[in-house]
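Novice: Sequence and predicted structure are below.
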Amino acid sequence: MIAAWALAASAGVLVVAGCASEKPPAVTKNAEVERKGTGGTPVPRARVEEEMQAHHSESGATQEAAPVNLREVFPHVQLDAKAGVIELDATVSIEAHDPKHPDVYLETLVCIPDSKEYESLLVTKAKPSHVHAALLLLGLSPGQPGAWVWEGEHVRGVAPRGPGLRVRFVVGGKEFAPGAWVRDRKTGTLMADSPGGDSFVFAGSIMTGAAGREHYKADVEGCLVGLTTFGSETIAWTQMSNPESAAEEPHWVADPSMPNFGDPVIVRISRPGAGE
């Protein structure tokens, strides 16, 4: 079943179509915690260039020119349609450099405030539904988030689908693959160096609710760019990971090469082939 949802925007009303209605619930549950302060506050874009020349590793970084025709299409969402790029202002939401607590377990890569900040690399005030709408403006159509379904006594994973996306974190003018800041606690291998470590798709989240009060689920649960497969993420990592510890032992942790808590980071999302 396909639902259409009207989003109010400063420039008018934009219809977000193609978002699937909610399927039977997955076998996961979420735990949310609020983190207020620096990590949830937008930072002027100029400060990214000025302040973030240190506090991060150069490993895996590439110097990339920023899009020059960005314009704000929704609050905290900028778009360069010609370049096929969306940019979001974000901040680091965890502290991965405390020697007393070296392992910060992760379940998402980018979330929104008052959701999963304590287990996410970054937090942004950009609403997932607005990012969804911006991706539609780039000419992309959403697919479907991953899901966990029971088949008898066993749970089967249904992989996320959708058009491929290039996701990068930009610090001091340098681009980093999200997986450069995530490592496997068991093996020490960076997510970026793992099979499928840099593969993301426009899954599009799902609509949820009843009695005519539907909501874009990622706006409620907070998962904009996923790592673990909750089934509500707007942008999904293609390698499925079950958030239930009884089904799969948690093993993705923040790598200390990432910036410090509260530091500004730009999230750059590109459509396939953009800039080529």
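Specialist: Alright, I've got the coordinates.
Novice: make it CA atoms for all contacts and neighbour counts henceforth
Specialist: Will do.
Novice: Quick one: low-confidence residue ranges for the stretch 101-250 of the chain.
Specialist: Within the stretch 101-250 of the chain, the ranges that satisfy pLDDT under 70 run 210-211, 244-248.
Novice: did I read that right, Ala192 in a helix?
Specialist: Yes. Counting by DSSP: H, G, I helix; E, B strand; the rest coil, Ala192 is part of a helix.
Novice: Leaving out chain neighbours, which residue sits closest to it?
Specialist: Leaving aside its sequence neighbours, Ala192 sits nearest to Gly179 (CA to CA, 6 or more residues apart in numbering; 4.1 Å).
Novice: how much space between that neighbour and Arg161?
Specialist: Using CA to CA, to the nearest Å, one gets 19 Å for the distance from Gly179 to Arg161.
Novice: same question, Ile112
Specialist: 22 Å.
Novice: which of these two has more neighbours?
Specialist: Ile112 (26 against 20; other CA atoms under 10 Å).
Novice: right, and that one touches Val123 too?
Specialist: Yes. Contact between Ile112 and Val123 holds when scored by CA atoms under 8 Å: they sit 5.2 Å apart.
Novice: for the helix or strand where Val220 lies, packing partners?
Specialist: According to DSSP states H and E, Val220 maps onto helix 217-221. The contact analysis (3 or more CA pairs under 8 Å, 6 or more residues apart in numbering; DSSP states H and E) places helix 217-221 against helix 128-137, strand 206-210.
Novice: go again using 10 Å as the cut-off
Specialist: strand 108-111, helix 128-137, strand 206-210, strand 223-226 (3 or more CA pairs under 10 Å, 6 or more residues apart in numbering; DSSP states H and E).
Novice: what helices or strands is the helix or strand just after the first one leaning on?
Specialist: Toward the C-terminus, strand 108-111 is succeeded by strand 120-124 as the next helix or strand (DSSP H and E). The criterion is 3+ CA pairs under 10 Å, 6+ apart, and the helices and strands that strand 120-124 contacts are strand 85-92, strand 108-111, strand 223-226, strand 252-254, strand 264-270.
Novice: Run through who's touching the shortest one.
Specialist: Okay, so that is strand 252-254. Applying CA atoms under 10 Å, 6 or more residues apart in numbering, the external contacts of strand 252-254 come out as 94-97, 102-109, 119-121, 179-186, 188-191, 227-228, 241.
Novice: again, 7 Å this time
Specialist: 96, 103-106, 181-185 (CA atoms under 7 Å, 6 or more residues apart in numbering).
Novice: go on, the second one?
Specialist: Applying CA under 7 Å, 6+ apart, the external contacts of strand 108-111 come out as 117, 119-124, 222-228.
Novice: which neighbours does that strand have in its sheet, and in what orientation?
Specialist: strand 120-124 (parallel), strand 223-226 (antiparallel) (DSSP bridges).
Novice: Report how many residues lie close to Arg156.
Specialist: The number of residues near Arg156, taken as other CA under 10 Å, comes to 12.
Novice: mind checking the SS state of it?
Specialist: strand.
Novice: and what of Gly179?
Specialist: Gly179 - assigned by three-state DSSP - is helix.
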